[in-house]
Structures are given as C-alpha cells and as structure tokens.
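Novice: 3D, please:
(one chain, ligands or ions: 2)
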Amino acid sequence: MNLENTKNQEVEEFSSETKRQYQYIENLRKWHDQKKEELGRPLTACVQCFGCQMNARDAEKITGILEKIGYQMVETEEADFVIYNTCTVRENANLKVYGRLGYLSKLKKKNPDMMIALCGCMMQEQTVVDKIKKSYRYVDIIFGTHNIFKLAELMQARLDSDGMIIDIWKDTTEIVEDLPSERKYRFKAGVNIMFGCNNFCSYCIVPYVRGRERSRNPEDIIKEIKELVADGVVEIMLLGQNVNSYGKNLESPMTFAELLQEIVKIDGLERVRFMTSHPKDLSDDLIEVMKNSKKICNHLHLPVQSGSSRILKIMNRHYTKEQYLDLVDRIKTAIPGISLTTDIIVGFPGETEEDFEETLDVVRKVRYDSAYTFIYSKRTGTPAANMEEQIDDAVVKERFNRLLKEVQTIASGLTKKHEGTVQSVLVEQVNEQDASLMTGRLSNSLLVHFKGEEELIGKIVDVRLNECKGFYYIGELV
Ligand code: 5AD
Ligand code: SF4
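Specialist: Ligands and ions are numbered 1, 2, ... in the order given. Below you'll find the predicted structure:
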C-alpha cells in the first residue's frame, strides 16, 4: 500500500476495517488523478454541516477522507461533490435541508457529473430516506451516523452503479479508529469520547438516530490527544451526548472523572473542555477533578431543560428542580466563579404558566452566563410527540421572549463583572471586521478582541478586558 502522508508501518498497525477503507481511498485517489488530468484541475468538494459539535467533528472526518482522495475543499456548493451532514434535533433543521436540496438540483443540471451525498442524524429516519428516494432522485449517496468511516467505499459503489446508494445502519457497537481527519483549527480540536445516548428524554430524537451509548477505549482517546498535542493543539473539547456516563460499558469500566484525570496529565495540553453533561450523572468526583486541575476550563454546560419538577419527570430527565439547584450549589461552592451555561426548552406538552415560572425561577437562582433557549419541536417517534396538550404557538412565543429577556439581562450583568480583569486567552483568529485586531477566547468561552499580531494565533496570552460590549470584550495585551 502506498499512501501519501501515511507511513506503511502505521497502516500495518490499523484494524482490518481501517485497512479496507484505506484501500478504497487509494483506488479513488487513482480515479481522481485521472479525472484531474482530463479536466486540467482537481475535483472540488463542499462539506456543509448542520447541528451540534458532534456533527462538526464528523464533518472533519469526512473532509479528511475527501482530501486524501485528492478533492480540493471549497466553501460554495458549486462543487463536484457536495455533502450535507444533517441534524434532526428540531424540525427546522430538516426543513432547511429540503430547501437547500432544491438549490442543489439546479446546480446539478449545470454540472451533471456532480455528486450529492446526505449523511448525519436526519438520514437515520426512515421517513426522511423514503421522501428523498421519492422526491429527490438526483441525490447520489445517503448514509447515516454509524458508517461515516465507509464514505470512500460508498463513493466507489456509486461510481460502479447508476442508482442512488443508500447505506443506513440502525445501530452498531463498532468504533473504527485511525481514519484520516482534517482539523478546522490547528491549535484546538474536538475529540469524541463516546457516541450515542441511552437516556431517552421524552422530547429527544437523538437516541433513535445516534443509537446506544458506546465509549471509546481510554488508550485510543489518550493516543489521539497526544498526537494532536504533538501537532500543535493546545485546547481540546471532549465530545459526547452525555460525557458523564462515559466508560460504563467498557471491558474495564472507567468513569469520566478518571478519564479526565488521565487527560490533564498530558504534557503540552493546556486547556480541556467537555460537553454535554447530564445533571443526573454529574458526580462529586468530577467536581473534585475540575476543582483541582488548572487545565480544565472554568466553564460547565449543564442543560436543565425545564425548572418544573413535574415537567422534568415527564421529560424523563431523572432529577427534580431541587436536585438540580443542589448540584449547582455544590459546583459553585467547589469552583467559585465557574461559568455555567444551559439548554432550556419552552413549550413542552402540558407546560403551564406555573411550570414556566419555575423555569424562570431556576434561571434567576442559577444565574447562567448564557443559555441556549429552544422552542419545543415535535419529533415523530418520540413519546412527547404523542402527548396531548401540545401548547399553542402564541403562548410558547410569548414565554420564549420572556425567558430570553431574563437570560440576557442576567448574562450581560455577569459579563460586565469581569471588566477590568486580566484573563488568559487563547488567540483564535484575526478579527473578522477589523484586521488590526485579534480575537481570542477566555477560559469561560467568551470572546475578546484586542490589538495584536497574527503570529499570536494558537498561543495563550494575558489580556486585560478593558470594555464589556454586552457578550464580548475589547481588551489589550498585557
Ligand atoms: N425540541 C426542542 N429542543 C430540543 N432539544 C432536543 N430535542 C428537542 C426538541 N424536540 C434541545 C435540548 C438539548 C439541545 C441539544 O436541543 O435542549 O439539550
Ligand atoms: Fe437527547 Fe436527553 Fe440524550 Fe441529551 S441526554 S441527547 S437531550 S436523550
């Protein structure tokens, strides 16, 4: 096997599935070289990603495979290969994809050799696949969340046939390691520690589309992070639908707190973040590890979803308002000044004004640094979709606006409190509006813009936060 940038010895160590996939990549590389010669240019590819951080990480894996084949990545959909990595957590996300597919059909008429692939959570729904098969015949490849590693094999299958290739796995226990991956940033990276979710919150479609919980082996995670650090990464974000239940199903079980403890020992790694934490599984051991490590960022995303114990029960969240507030107290006592963020759903079936008031009460008590607020979206197949008492749109909208106002007032007050302090900041990029400024991220995830040189990108520097501008700061290097 002769692969660019991949040492033979490394390939020898790969699993047989990984080797099989590298063989498909190699074959497509030869096909691509031929195409390139015919056209006098490389083929172009555009990966559009919808949804969460897990999807963004999957998009990097897709990009990695396409670049190995030889594709030149472009931002626009006027490309030879367009792939949408979809999300289905709320109905809006689905509608967006159907809208964009209409646009792609026009592009494909201009460039009949264009290939269109759809993958991600939305494709794990049978009704979606049926609809695409019927009404969007020009789509070339459909695959799901469990078999991204097979992209090259599926592309080969498409080239060898004249119909749509559909490969959706209902679920899997397989985790294929060591495939190529292209990072969006050279100094920070997302690292999957687990896939899937076993919680079945009654509104949520994720367990149906992402399958059961599977944790990666700690050795594979540590190896990946060490390689990233050797490659210049200073900040990692550990990713999982519910990181707090990491390791339960491993051959030698391990807790998330234990995994974190190993990760923070890695030399050269400066910052560690993680998401998402389910409150029901957040242990005192984890609080202790967070408290004792300077590398773990001063931020915790702790979705509450609702402040009403009655609604939380119907949501199947396994905690009450009081238990959540007690957990927040323990966290704040152990780690003073920690930044807390959350997710909140408004308009869950049966939510009364009193229930909603309980949510506002939690917001006022916890004082979140920011909150992602969502209007409840009915997802077919979930228990909540069949509940009577779906809430009237106008009522939901009114509650949503009240919640947003409360969240924003508290958040801007908290942001203002840091004005004048000096904070360590990871410099991420040249400011998009003003090229004389750099943009960096604080440990609590907020952004600061300050005068600086491009060479600072990827470095952690001290910045004084001179002026709070609502949800970001203007600062200066110290
Ligand atoms: N409707 C609205 N919001 C939802 N979320 C998950 N499912 C739904 C739904 N059906 C929100 C939750 C979750 C976040 C990722 O998306 O708040 O934490
Ligand atoms: Fe969905 Fe609940 Fe699992 Fe989060 S924990 S992915 S909200 S089912």
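
Novice: so how far is residue 432 from the spatially most central residue of the chain?
Specialist: Central residue of the chain (Cα atoms, centre = their mean): residue 53, 0.9 Å from the mean position. If you measure residue 53 against residue 432 using Cβ to Cβ, to the nearest Å, the figure is 21 Å. No exception for glycine: its C-beta is placed from N, CA and C like everyone else's.

Novice: and what of residue 14?
Specialist: The value you get for residue 14 to residue 432, if Cβ to Cβ is used, is 39 Å.

Novice: These two: which has the busier surroundings?
Specialist: For residue 14 versus residue 432, neighbours defined as other Cβ atoms under 10 Å are more numerous around residue 14 (17 against 9).

Novice: thought the more buried one was touching residue 23?
Specialist: No: counting by Cβ atoms under 8 Å, residue 23 is not a contact partner of residue 14; they are 11.0 Å apart.

Novice: The chain: helices as residue ranges?
Specialist: In order along the chain, the chain carries the following helices (DSSP state H): 8-13, 16-39, 53-69, 91-110, 126-135, 151-159, 206-210, 218-230, 256-263, 284-292, 309-314, 321-334, 353-366, 393-417.

Novice: Mean pLDDT and distance to residue 245 for those - can I get that in JSON lines?
Specialist: Supplementary listing: these in JSON lines, determined by pLDDT from 0 to 100; distance: least, Cβ to Cβ, whole Å:
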{"stretch": "helix 8-13", "mean pLDDT": "53", "distance to residue 245": "30"}
{"stretch": "helix 16-39", "mean pLDDT": "94", "distance to residue 245": "26"}
{"stretch": "helix 53-69", "mean pLDDT": "93", "distance to residue 245": "15"}
{"stretch": "helix 91-110", "mean pLDDT": "93", "distance to residue 245": "25"}
{"stretch": "helix 126-135", "mean pLDDT": "95", "distance to residue 245": "27"}
{"stretch": "helix 151-159", "mean pLDDT": "96", "distance to residue 245": "29"}
{"stretch": "helix 206-210", "mean pLDDT": "92", "distance to residue 245": "12"}
{"stretch": "helix 218-230", "mean pLDDT": "96", "distance to residue 245": "15"}
{"stretch": "helix 256-263", "mean pLDDT": "97", "distance to residue 245": "8"}
{"stretch": "helix 284-292", "mean pLDDT": "96", "distance to residue 245": "11"}
{"stretch": "helix 309-314", "mean pLDDT": "98", "distance to residue 245": "18"}
{"stretch": "helix 321-334", "mean pLDDT": "98", "distance to residue 245": "15"}
{"stretch": "helix 353-366", "mean pLDDT": "98", "distance to residue 245": "22"}
{"stretch": "helix 393-417", "mean pLDDT": "96", "distance to residue 245": "27"}
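
Novice: what residues are up against the residue of the stretch 1-150 of the chain found nearest ligand 2?
Specialist: Across the stretch 1-150 of the chain, no residue is closer to ligand 2 than residue 89, which sits at 7.8 Å (Cβ to the nearest ligand atom). Residue 89 is in contact with 51-52, 121, 204-206, 377, 379, counting by Cβ atoms under 8 Å, 6 or more residues apart in numbering.

Novice: again, only using 10 Å
Specialist: Residues in contact with residue 89, defined by Cβ atoms under 10 Å, 6 or more residues apart in numbering, are 50-52, 55, 121-122, 203-206, 209, 374, 377, 379.

Novice: How about residue 330?
Specialist: Counting by Cβ under 10 Å, 6+ apart, residue 330 touches 282, 284, 287.

Novice: So what's the residue count around the first one?
Specialist: Yep, that's residue 282 we're talking about. If we define neighbours as other Cβ under 10 Å, then residue 282 has 21 of them.

Novice: The second one too?
Specialist: Using other Cβ under 10 Å, the number of residues around residue 284 comes to 12.

Novice: Quick check: the residue nearest to it when sequence neighbours are not counted vs residue 260, distance?
Specialist: The shortest distance from residue 284 to any residue that is not its chain neighbour, by Cβ to Cβ, 6 or more residues apart in numbering, is 7.2 Å, and that residue is residue 330. Summarising the geometry, the distance separating residue 330 from residue 260, computed by Cβ to Cβ, is 17 Å.

Novice: and the protein, which residues reach ligand 1?
Specialist: Contacts of the chain with ligand 1, taken as Cβ under 6 Å from any ligand atom, map to 89-90, 203-204, 303, 305, 343, 345, 374, 376-377, 379.

Novice: Apply 5 Å and report the result again.
Specialist: When proximity is defined as Cβ under 5 Å from any ligand atom, the chain approaches ligand 1 at 89, 203-204, 303, 343, 345, 374, 376-377, 379.

Novice: before we move on, the earlier item: could the contacts of residue 89 go into a markdown table alongside neighbour count?
Specialist: As requested, the contacts of residue 89 are exported to a markdown table (neighbours: other Cβ atoms under 10 Å):
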| residue | neighbour count |
| --- | --- |
| 50 | 22 |
| 51 | 19 |
| 52 | 17 |
| 55 | 18 |
| 121 | 27 |
| 122 | 29 |
| 203 | 25 |
| 204 | 21 |
| 205 | 22 |
| 206 | 24 |
| 209 | 27 |
| 374 | 17 |
| 377 | 18 |
| 379 | 21 |
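
Novice: And the residues you listed, which is closest to residue 65?
Specialist: Lowest distance from residue 65 to these (Cβ to Cβ) belongs to residue 55, with 15.7 Å.
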